[in-house]
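Colleague: sharing a model prediction with you, sequence too.
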Amino acid sequence: MSRCGFALILAMFLATPAFAAGNPPRRAALPAGYIDVEGIVAVVGDQIILQGDLRRAMGSHQQAQSLVPTDAERPRSERDLRLQTLQQLIDNALILKAAKDLALTVEDKEVDAQLAGTKKKNNWTEEELEEAVKKLGFANLTAYRTHVRQELLRMQMLRVKLGSRLRVTDEEVKRVIDQEHEGGKTEEEIRSRHILVLVPPDASPVDVARLREKAWKIHDEVVAGKRSFPDLAEEYSDDHGADKGDLGYLRRWTLDPTFSGRLWKMKKGEISGVVQTPFGFHIIQMVDRRKAPVKDAEVLEQYVRARLSEEQFTRLYKTWIEELRAAAHIETRM
């Protein structure tokens, strides 16, 4: 569960496409060169999003983590998940269009390096890599290379457009430390429990959907209250390092950002819905919170600076995406 270092959170905002009030959306012609062979779920300018794209994104654990996580809980209903995922895919298409307009490119060697890193991390041969990407819903390795190129291009565009605009001053950091940490003397710790439904890194979309449904069924049993959270954690949780799901008192910066983002908004005794992190699906119970002496003032300052950067990035990202949506023709077909 613990994770070192800091990362900017690229928030996923699920705004719906804007149409003039009182007027039904106009059915757009398909972009030049496209034939509606597979069902089309959205048209975004001159790009299309296919049923296959949506199915793969809905079922891909990797796709859910492609933007650094938020504290959003994963919807239970298939329809809500489809809508949430489709809005993410629309935002991705808009970012890729913006990258194209700026003539940004990703070289083959960058894609090769990314694939080589994946093979090395998993100790896979080329054939094993191809087998794994097919499990993720890609037709072949060529299709997966296209996906990797688009992901790299999207991240490049975010750095170009937003990264250079991040400005967190020493005065802002000091203000937060003074207000929230008693001038650098204390940190908040939260004691929590969780039930983890582990998702293997190469899980297929079918496996991810099955495990997500399993997590929601466990959640239903938790909120029914017939058995205690510790007893259910002992029976169901795949985190065998946490005794009956108890994580003890932890500081926010030691946890996965998605997990901590949800936990730090919870009240004592509250139970979350299903939260997805790179590890899998979690049901979280907030047990208690307390103030504790700061262990490392430098780490605290780094964390506060990173958090302020994340919040600023979130605001910039949301504003930019809304601008892109307002300027584009977006049509959903669901």
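Modeller: Happy to help now that I have it. Residues are numbered from 1 along each chain as shown.

Colleague: confidence score at Ala72?
Modeller: Here, the pLDDT recorded for Ala72 equals 64.

Colleague: next one: Pro17
Modeller: The score at Pro17 is 27. That number is its pLDDT.

Colleague: in the strand or helix carrying Lys109, which residues are buried?
Modeller: In the assignment (DSSP states H and E), Lys109 maps to helix 108-122. Within helix 108-122, the residues that count as buried by 16 or more other C-beta atoms under 10 Å are Val111, Gln114, Leu115, Thr118. Glycine gets a C-beta too; all of them are placed from N, C-alpha and C.

Colleague: any idea of the mean pLDDT for stretch 201-212?
Modeller: Average pLDDT, stretch 201-212: 86.

Colleague: just the buried positions in it, please.
Modeller: Across stretch 201-212, burial judged by 16+ other C-beta under 10 Å covers Asp202, Ala203, Ser204, Pro205, Val208, Ala209, Leu211, Arg212.

Colleague: show me the contact partners of stretch 295-302.
Modeller: Phe6, Val173, Ile177, His181, Gly184, Glu187, Trp253, Val294 (C-beta atoms under 8 Å, 6 or more residues apart in numbering).

Colleague: buried ones in it?
Modeller: Under the neighbour-count criterion of 16+ other C-beta under 10 Å, stretch 295-302 has Val299, Leu300, Glu301 buried.

Colleague: what's the answer for stretch 176-187, then?
Modeller: By 16+ other C-beta under 10 Å, the buried positions in stretch 176-187 come out as Val176, Ile177, His181, Glu187.

Colleague: still on that earlier bit, and the buried residues of helix 108-122 as JSON lines, adding pLDDT and distance to Leu54?
Modeller: Converted to JSON lines, these look like this (pLDDT from 0 to 100; distance: C-beta to C-beta, whole Å):
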{"residue": "Val111", "pLDDT": "96", "distance to Leu54": "24"}
{"residue": "Gln114", "pLDDT": "94", "distance to Leu54": "24"}
{"residue": "Leu115", "pLDDT": "94", "distance to Leu54": "24"}
{"residue": "Thr118", "pLDDT": "90", "distance to Leu54": "23"}
